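J.: Below is the sequence, then the predicted model.
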Amino acid sequence: MLVATSISAVLLSGKILLLIVPLVLLIMVFCLNIRRFFFTLLLCMPSVEILNQLGVGFNGSIMLNAILSAYFIYISLLHILKNRVHFNTRKGVILAFAIYIAACIVSSIVAIDVFASVKELLKMLFYFCLILIIPDLIKEKSDMKIIINLLILSAVIPMCYGAFQLIAHQSPITAWIGGRTVIRITGGFTHSNHFAYFISLVGIIVFGKIITEKNKYMKLLYATFFGLILYEVVLTYSRTALMMLILTIVVMLVSRTKNKLTAILVISVLIGSLIFLFQKSELVQERFQDVFNIFSNINYLNNALNGDADTDSFAWRINLWIGSLLLLSDSLLFGFGLQNFVNISNKVISISIDAHNNYVKILVETGVIGFSSFMLVVYQMVKNQFINKKNNSFFYYKEASFLYLYIFLVSFIDPVINHTAIGFLFWTVYASQSRISFNK
C-alpha cells in the first residue's frame, strides 16, 4: 500500500521526493523480521520497477531494487548466523549455485567494465541468498500458498500502470504503423518485453489456479485475471512472450486437464483469438512477419550471417550470436566479464546491445566454466523438482515445471532472468522447490 500510495503521489504531483518517506517507513517496519521483509519484497519488487523508471536511486547508477537487494543480503547473513541455519537437505543446489557465483566473481575480475560486473554480481548474490533463506522460511504448506498468492498479487500494480499508459496514451516505447503512433505498454518496466515476460509468468501461475480451483467463483475470478493478463501481453506487442505463453498454456492443458474436450475447446479459443488479432491488427501482422520469414525464406539464415537482413530483428540477433561466440576464443575459460556483453556486441554489429539470448550471454560473459556451472544449477532444478514430486512433498509446486519451461524457451530470445523482477520471481520459485523432503 505504501508503494502504491507513493507512486500515485508522484503521478499526481510530479515530485519524486514523495517516494522516499513511505519507502523508508517500509524498511523500518519490516527490517527486524526477515520473513515479513521477504513477503513484502514478493509483493512489491515488480512495483519497484516503476520507481526505478521515475529515477529513484543515486545518480541513476544505483537504483532502488539494488538497494533493497543489498539490504536483503545483509539481513540474510544475519539470519543465517543468528539461527545457525542448516543446509543438509539442499547441499546440491547450494554447491551448484556457489560454483556459479565463484565463476561470476572471476569473470568480474577480468571484465572490461568492472563496475557493471559488480552491480550484476550483487544481483547474483541476492539470488543466492534467496536460495539459502527461502527454504528455511517455509515451515508448512500454507507458507507455499502465501508465496504463490503474493506472486500473483505482485502483478496488480504494474498491470494497473500499464492500463494507465494505455488510457493516457503515454509510454516510453512507441511504434509508427499505418500512419499513426501506437504505444507498447511497459507497466513501468524498462521495456515492453520485460513486462510481457513477467505477467506471462504470473499468468501461468494463475492458469494453474484455474485448473485446480474448486470454488466456481474463485475460478471465475482467476479466469478474469488471466484474461486481463493475456490482453496486456497483447498490448505489449511482444511476439515472443505471447507465443511462448500460448505454447505453455497448451502444454498445461494437455498434461493437467483430465477432460480433453475442455482442453481442446480452450486451445481452439486461444488460437482463434490469435488469428483474429492477426487479421485485425496491422502492427501485430508486422511484428509476426519476421517469424514467418524464417520459415518462408530458404536463404534466411545465410542472409542473417552475412548481415544482409539487418532490419529483421531475428536476423541481426543470429548475426550477433554467431559473431560474439567466434570472439569467445580470446577468453574461453572465464569470458569477457559479467554484464559486459554490450562491449562485445559493439565489436560484432557496432551497436552496444544485450545478447537477446540468455545462454549465449552467460557463455560469452562467464566463459565455459561459468556456463557449465550454470547448467549444473539447471540440472539441480530439474532433479529436485522430480524428487519432491516423487516424495509427495509440500515443497513440490506443480506449476513450477511450466514456469521453468517458459523461462527455458524465452531465454533463447531474451536474457529474461537477468531482469530483477523476473529473476526474483524465478529464483523464488526455484528456491522454494530446492528443499528436498524425504516423506515416507
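T.: Structure's in. What do you need?
J.: Check which helices and strands the helix or strand in which residue 40 is found is in contact with.
T.: Using DSSP states H and E, residue 40 sits within helix 34-53. The contact analysis (3 or more Cβ pairs under 8 Å, 6 or more residues apart in numbering; DSSP states H and E) places helix 34-53 against helix 2-13, helix 20-30, helix 64-83, helix 114-137, helix 141-153, helix 156-168, helix 420-433. Placement of C-beta: from N, CA and C, glycine included.
J.: who's in contact with stretch 404-413?
T.: For stretch 404-413, contacts defined as Cβ atoms under 8 Å, 6 or more residues apart in numbering pick out 197, 200-201, 204, 240-241, 244-245, 247-248, 251, 317, 356-359, 381-382, 385, 416-417, 426.
J.: Can you list the buried residues in that stretch?
T.: The neighbour-count check on stretch 404-413 (16 or more other Cβ atoms under 10 Å) flags 404, 405, 406, 407, 409, 410, 411, 413 as buried.
J.: May I have the secondary structure class of the last one?
T.: Three states are possible here, and by DSSP: H, G, I helix; E, B strand; the rest coil the one that applies to residue 413 is coil.
J.: Quick check on it: phi, psi?
T.: Phi and psi for residue 413, reported as degrees, to the nearest 10, are phi -110, psi -30.
J.: Please report the distance of it from residue 200.
T.: Going from residue 413 to residue 200 by Cβ to Cβ, to the nearest Å gives 13 Å.
J.: same deal with residue 125?
T.: 27 Å.
J.: Then residue 80?
T.: For residue 80, the distance to residue 200 equals 33 Å [Cβ to Cβ].
J.: more crowded one of the two?
T.: Using other Cβ atoms under 10 Å as the criterion, residue 80 and residue 200 rank with residue 200 on top: 29 against 17.
J.: Quick check on the contacts of stretch 404-413: which are buried?
T.: Neighbour-count burial (16+ other Cβ under 10 Å) applied to these gives 197, 200-201, 204, 240-241, 244-245, 248, 317, 356-359, 381, 385, 416-417, 426.
J.: in stretch 362-369, what counts as buried?
T.: Of the residues in stretch 362-369, those buried by neighbour count under the rule 16+ other Cβ under 10 Å are 362, 363, 364, 365, 366, 367, 369.
J.: And the residues you listed, which two are furthest apart?
T.: For the buried residues of stretch 362-369, the farthest-apart pair by Cβ to Cβ is 364 and 369; their separation is 12.8 Å.
J.: circling back to that earlier point, just the ones of the buried ones among the contacts of stretch 404-413 in helices?
T.: Using DSSP state H, the members of these that fall in helices are 197, 200-201, 204, 240-241, 244-245, 248, 317, 358-359, 381, 385, 426.
J.: Just give me the closest of those to residue 85.
T.: Nearest to residue 85 among those: residue 381, at 20.8 Å, using Cβ to Cβ.
J.: gap between the closest one and residue 404?
T.: 7 Å.
J.: What helix or strand is residue 182 located in?
T.: Assigning secondary structure by DSSP H and E places residue 182 in strand 180-183.
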